[in-house]
Each structure stands twice: as C-alpha cells, then as structure tokens.
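S.K.: this one's structure only:
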Ligand SMILES: [Zn+2]
C-alpha cells in the first residue's frame, strides 16, 4: 500500500517512505531517525537533509506530547472543503520530535489548552483511506 490511500487528499502515490501507510494500517504512527547523525523526522524521510546520509530507520512515536499551538480551519483548502471546521495542532514530544496534524473532533475547541498532553494515533477515514490524529492522552 502506497501513499495513494493516505489522508483526505493524496498528492503522490510513490515515496521512499510509503511504508508509513502500511504501519498506520498496523496501528502504528512511525517516524524516522537518521542512523548516521541521529536526527529524527516527522513526516518521516529516508534521506537526511542535515548530514545527507540515506541510512535511516523507523521508530514508533509512543507516549504523549505537549500541544504547542493550534488553529481551527473554518474554510478548507482544495480537497478539504467539506471537512472544515477542523483543528490543526503542533505537538512536541520529549525526544525532540515535533509533529503537525489534526486534533480529534472529540476534543471541543473550548477544551483545548496549550501544554495539554496528547497522543498520536492512526484513524480510518471514509473510502478506506487512513491518516493519523491527536487525541487526549
Ligand atoms: Zn543525518
């Protein structure tokens, strides 16, 4: 399974990191770490822009992170028109990993707090598509 089944709108089917989608289907949100310099990447990438190594390995994003900032989208861009409103967040995890994504609709906007603990989990979308979102930890 490649990137054609990822997210609401896919922009590419082929990628070095297509295994990301297979991992989501297995219930895991994965990031990559450069084996040469140790840099961690999400979205995952197999080529390290820091040291130019192409030797990376996958690791699972576990535990909770802290919500750094968020915004609620009222008018979605092309492909997401019917999804709005939805909330986008940036979350810091303890090991220097920073992840951008959607907050679960189960969390009301009035309950969102900067610094709150959230975890990242795979979610099934319509039409057999898959993505990830942040939920209360
Ligand atoms: Zn590197």
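M.R.: Received, thanks. Bear in mind the structure is a predicted one, so any value in this text is a computation, not a measurement.

S.K.: Tell me the buried residues in stretch 79-99?
M.R.: Residues of stretch 79-99 classed as buried under the neighbour-count rule (16 or more other CB atoms under 10 Å) are 86-87, 89-91, 93, 97, 99. Yep, even glycine has a C-beta here, placed from its N, CA and C like the rest.

S.K.: ugh, typo on my part, it should be stretch 120-132
M.R.: Across stretch 120-132, burial judged by 16+ other CB under 10 Å covers 120, 122-123, 129-132.

S.K.: Report the mean confidence score over it.
M.R.: The average pLDDT within stretch 120-132 is 92.

S.K.: what's the span of it, first residue to last?
M.R.: End-to-end distance for stretch 120-132, by CA to CA, to the nearest Å: 7 Å.

S.K.: Ok, stretch 116-131 next?
M.R.: Taking CA to CA, stretch 116-131 runs 22 Å from one end to the other.

S.K.: going forward can the numbers begin at 12, since that is how I track them
M.R.: Fine by me, first position is 12 from now on; the one you just mentioned is stretch 127-142.

S.K.: From the chain's centroid, how far away is it?
M.R.: Offset of stretch 127-142 from its chain centre (CA atoms, centre = their mean, to the nearest Å): 9 Å.

S.K.: quick one on the thing from earlier: return the member of the buried residues of stretch 90-110 nearest to residue 50.
M.R.: Using CB to CB, residue 108 is the member of those that sits closest to residue 50, with 10.1 Å.

S.K.: In space, what's closest to that closest one - neighbours in sequence excluded?
M.R.: residue 51 (4.9 Å; CB to CB, 6 or more residues apart in numbering).

S.K.: isn't the one you found right next to residue 109, touching?
M.R.: No - contact criterion CB atoms under 8 Å: residue 51 and residue 109 do not qualify, at 9.1 Å.

S.K.: In contact with the residue nearest to residue 108, which residues are there?
M.R.: Contacts were defined as CB atoms under 8 Å, 6 or more residues apart in numbering; by that measure residue 51 touches 42-45, 70, 106-108.

S.K.: ok, now with 10 Å
M.R.: By CB atoms under 10 Å, 6 or more residues apart in numbering, the contact list for residue 51 reads 42-45, 67, 70, 72, 104, 106-109.
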